[in-house]
Every structure is written in C-alpha cells, then in structure tokens.
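Undergrad: okay, structure incoming, though there's no sequence with it:
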C-alpha cells in the first residue's frame, strides 16, 4: 500500500512538472491581469476585427475597439485570449475608460 501511494505521488509530481504548451503564456496573461487589477485599473479586451465596442484607439500600432472585462472574470489561457481579444489585452485607468480612447494604454499582445 505504501509503495502504491509513493508511486502515485511520484507520478503526480512528474506529471505536474512536464511542460504544457502555452503554460508560460497563460501565466503571463494571469500576471498582467492581476497586476492591472491590483493597481486599481481595468482590464480591457480589444479586437482588430470586430468594430463594435465603447472604447476605441490604437494599441500596438493597430486600430482596435475594446470592451472592459469585469473585475470578477479570471484570466483565461492564451487560446481563449487570442480568440476573444485578437487586438490584445489592455490595462486602463478610469479616466481612459471615461474618455473612450485607449491609445497609449499598456497592452499585452496575444
């Protein structure tokens, strides 16, 4: 019984240590969004293809439209961010959001 438990724990540790594709990027997205929230700012999801959204501007040289991400929404993985926010994730102050122009906001390119 002890041998089986030790083997199971060893296999679990090895499985956790194996590199999962996108894991570094997923962590980077989480860190970016958590730092944004901890600074009292709002995460925005921007699109280069959808021309709907209350916020507009240029991020990383591209024309984008953006929507705010509610603070209770947890950061997703890279694939989710790429599918929903092809213009990148941004971090904006309340003043930027009220003004509607996200140009110059910090951005996480996905």
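TA: It's in. This structure is a prediction, so every number in the text was calculated from the model and none was measured.
Undergrad: could you use CA atoms for every contact and neighbour count after this?
TA: OK.
Undergrad: dump the residue contacts of the residue positioned nearest the centre of the chain.
TA: Residue closest to the average C-alpha location in the chain (Cα atoms, centre = their mean): residue 29, at 3.9 Å. Counting by Cα atoms under 8 Å, 6 or more residues apart in numbering, residue 29 touches 75-78, 108.
Undergrad: from those residues, which shows the smallest pLDDT?
TA: Among those, residue 108 carries the lowest pLDDT, at 72.
Undergrad: does that one have beta-bridge partners, and which?
TA: residue 89 (DSSP bridges).
Undergrad: surely residue 53 is within a helix?
TA: No: assessed with DSSP: H, G, I helix; E, B strand; the rest coil, residue 53 is coil; it does not lie in a helix.
Undergrad: in this structure it contacts residue 67, no?
TA: Yes: taking contacts as Cα atoms under 8 Å, residue 53 lies within contact range of residue 67: 5.5 Å.
Undergrad: the more surrounded of the two?
TA: Neighbours per residue (other Cα atoms under 10 Å) separate residue 53 from residue 67, with residue 67 holding more: 19 against 15.
Undergrad: my guess is the more buried one contacts residue 44, does it?
TA: Yes: when contacts are counted by Cα under 8 Å, residue 67 is listed as touching residue 44 (5.5 Å).
Undergrad: after the helix-or-strand element of the chain with minimal mean pLDDT, next one along is what?
TA: Lowest on mean pLDDT, DSSP states H and E among the helices and strands of the chain sits helix 2-17, with a mean of 38. Sequence-wise, the next helix or strand downstream of helix 2-17 (DSSP states H and E) is helix 23-38.
Undergrad: how about that next one: buried residues?
TA: Neighbour counts over helix 23-38 (16 or more other Cα atoms under 10 Å) mark 26, 28-30, 32-34, 36 as buried.
Undergrad: what do you get for stretch 52-66?
TA: 55-59, 63-66.
Undergrad: and which of those residues is nearest residue 87?
TA: Of all those, residue 87 sits closest to residue 64, with 6.2 Å by Cα to Cα.
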